[in-house]
Structure formats: structure tokens, C-alpha cells
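**Q** just coords:
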């Protein structure tokens with residue numbers, strides 16, 4: 001299993017240069033020094049997800065119906081934000097991570113909140129006999145489940161990011177989990193959700209272990225993100241064998257009108 005850097009109190013790592021995603025790191029992205037999980041969306045879109053990347057200048061993003069995430073460079077200046085605006089268009093909503101202080105004053109901050117990044121540290125990964133692989137034909141049911149359970153962004157083509165597993169009861173999809181960001185050597189577990197009528201049965205835990213088993217089988221290491229305020233989920237993931245690696249700040253931003261000039 002990969003050796004993980006030590007978590008420092010402010011959520012950065014002990015690897016040079018300072019490994020934050022708030023715009024303070026080396027302007028070159030310091031690929032040789034940065035851990036892939038320090039800027040996972042960027043690492044994914046420059047690596048295994050390059051076939052999905054849309055780019056303007058030094059900014060990358062996923063297609064709008066795949067994911068709202070922007071992959072920003074570590075050092076962000078006014079030109080960077082002009083590139084973001086060009087990709088998302090006036091009034092576009094951008095998901096990112098970093099300090100709100102790095103956002104231009106004329107951009108609307110729709111939300112910012114603390115999150116955590118957890119990594120596999122002995123997860124008891126195992127396939128699940130009841131879990132079924134989900135495909136494009138299942139997307140309407142997946143979107144309906146996500147709309148009620150609200151695990152985070154899931155769009156009509158999000159399924160293209162990786163494999164998804166579900167559990168059905170009486171033919172209905174009642175739980176699911178799958179893969180999102182794929183920085184080199186790592187795969188994020190995401191969209192873990194269970195219908196309210198089937199909670200408390202351990203279905204989410206089973207699916208996390210099953211997705212983790214598939215990730216391990218191809219030689220990657222699982223990781224995930226969740227809200228720092230969701231202490232119940234954090235305790236659950238830690239009980240499954242994940243450990244805290246770093247703290248992050250989630251941002252939801254709106255591009256100003258007329259701010260899409262290249």
C-alpha cells in the first residue's frame with residue numbers, strides 16, 4: 001500500500017512545497033513533489049480522466065453533464081479565474097476546493113464548507129454477492145435515488161467516471177456506491193447512498209467494501225471525501241478502515257454575468 005504523507009494541523013502535508021489547494025503552492029504545479037491527492041481533480045483530468053477533460057488555459061473541467069468540478073492549478077491569479085469563467089460561462093456554477101479568500105470579489109460564493117479526505121488504511125475490501133453492476137440503463141433510477149438521499153453531485157453521465165454497484169430489493173434500486181475522481185494510483189469512492197426505507201441495514205458499508213475491492217483489484221488505492229460536519233459518516237468510514245489524510249474546503253461558486261471573456 002502506498003506510503004501516505006503525515007497530516008499537519010492545517011490540513012497540508014509534510015511534502016515540499018506547501019501542499020495546499022488554496023493557491024499558495026509552486027506555480028508549476030510541482031508534479032514531482034505533490035501528492036496526487038493534494039489536487040485530485042486536476043491529477044485525474046491530467047491522468048486517467050484526460051479523455052474527459054475540457055480545457056481553457058491552465059484550467060480543466062469535466063463535461064457539464066458528468067461533473068461540476070473544476071480542476072484549478074495550485075497557484076491561482078486573475079487569469080486563472082478568467083479561464084474558469086470561459087469554461088463555465090456567465091452564471092455558471094463551479095464546484096472546487098480551496099480558500100474562499102482566493103476567489104475574486106466579484107464572484108458569488110454559493111457555499112463553502114469544511115470537508116475531510118480519507119484514505120484506505122486497511123479497509124476490509126470484499127466483493128458482495130448481492131451487489132449488481134449498474135450501467136447507463138440504470139441512470140434514471142440512480143438519479144432518483146440521489147435526489148432523495150443527496151450524497152453529492154451525480155449527473156446523467158457521472159457513471160462514465162468509473163464503476164458503480166447497486167443493491168436491489170423487489171426490483172427497486174435501494175442503495176448504490178461508485179467511483180468518481182481517479183488521480184494516478186488512486187480512485188475516489190463516491191455517491192454512497194441508501195434509500196431511507198432501507199437504512200440501518202449496513203447496505204452502504206457493504207457497497208463501500210465491494211467498490212474498494214474492485215479498486216484494489218486493478219492496483220489502485222481507495223480514498224473518499226465527506227463533510228467534516230458529518231461525524232457519523234466519518235466514524236463509519238474509519239470503522240471500515242479509512243483514516244484521515246487532510247482537511248479540505250469545498251466551494252460552490254457562480255461565474256459573474258459577462259465574465260466569460262477569454
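**A** Everything's here; your move. The structure displayed is predicted, hence computed values, not measured ones.

**Q** Rounded mean pLDDT for the top helix by length along the chain, please.
**A** The longest helix of the chain (DSSP state H) is helix 203-217. The average of the pLDDT scores along helix 203-217 is 98.

**Q** Not counting it itself, show me its contacts.
**A** Contacts to helix 203-217, defined as C-beta atoms under 8 Å, 6 or more residues apart in numbering, come from residues 120, 123-128, 130-131, 163, 165-167, 174-179, 187, 189, 192-194, 221-222, 236-237, 240. For glycine as for every other residue, the C-beta is placed from the backbone atoms N, C-alpha and C.

**Q** Sticking with the most centrally placed residue in the chain, tell me its helix or strand.
**A** To find the centre residue of the chain, average its C-alpha atoms and take the closest one (C-alpha atoms, centre = their mean): that gives residue 181, at 5.3 Å. Taking DSSP states H and E as the definition, one finds residue 181 inside no helix or strand.

**Q** Please apply the same query to the one 10 residues further on.
**A** Taking DSSP H and E as the criterion, the element that holds residue 191 is strand 186-194.

**Q** what does that strand contact?
**A** Among residues not part of strand 186-194, those counted as contacts by C-beta under 8 Å, 6+ apart are 36-37, 40, 142, 145-146, 149-152, 154, 158, 162, 164, 174-182, 201, 203-204, 207-208, 211-212, 215, 220-225.

**Q** Which of those residues fall in strands?
**A** Where the contacts of strand 186-194 overlap with strands, as defined by DSSP state E, the overlap consists of 164, 174, 175, 176, 177, 178, 179, 221, 222, 223, 224, 225.

**Q** re the thing from before, would you show me how to pick out the buried ones of the contacts of strand 186-194 in ChimeraX?
**A** Selecting in ChimeraX just the buried members of those, where the criterion is 16 or more other C-beta atoms under 10 Å, is done with this command:
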select :36,37,40,142,145,146,149,151,152,154,158,162,164,174,175,176,177,178,179,180,181,182,203,204,207,208,211,212,215,220,221,222,223,224,225
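
**Q** Report how many residues lie close to residue 200.
**A** 7 (other C-beta atoms under 10 Å).

**Q** Tell me the secondary structure at residue 74.
**A** Under DSSP: H, G, I helix; E, B strand; the rest coil, the three-state class of residue 74 is coil.

**Q** Any figure for the gap between it and residue 39?
**A** According to C-beta to C-beta, to the nearest Å, residue 74 and residue 39 sit 6 Å apart.

**Q** With residue 167 instead?
**A** 33 Å.

**Q** Isn't the residue nearest to the centre of the chain up against residue 46?
**A** No. With contacts defined as C-beta atoms under 8 Å, residue 181 does not count as touching residue 46, sitting 11.8 Å away.

**Q** how about low-confidence regions in the chain?
**A** Low-confidence segments of the chain, defined by pLDDT under 70, span residues 1-33, 258-262.

**Q** what residues does stretch 160-173 touch?
**A** Outside stretch 160-173, the residues that touch it by C-beta under 8 Å, 6+ apart are 49, 52, 62, 66-67, 128, 130-134, 138, 141-142, 145, 174-182, 187, 191, 195, 198, 203, 206-207, 210-211, 214.

**Q** Give me the distance from that stretch to the chain's centre.
**A** From the chain centre to the centre of stretch 160-173 is a distance of 19 Å (C-alpha atoms, centre = their mean, to the nearest Å).

**Q** Check stretch 204-216 too.
**A** The gap between the average C-alpha position of stretch 204-216 and the chain average comes to 16 Å, counting by C-alpha atoms, centre = their mean.

**Q** again, but for stretch 204-224
**A** On C-alpha atoms, centre = their mean, the centre of stretch 204-224 falls 15 Å from the chain's centre.

**Q** Quick one: residues contacting the residue nearest to the centre of the chain.
**A** By C-beta under 8 Å, 6+ apart, the contact list for residue 181 reads 40, 41, 44, 49, 69, 161, 187, 188, 190.

**Q** could you redo the last one with a cut-off of 6 Å?
**A** Contacts were defined as C-beta atoms under 6 Å, 6 or more residues apart in numbering; by that measure residue 181 touches 40, 41, 44, 188.
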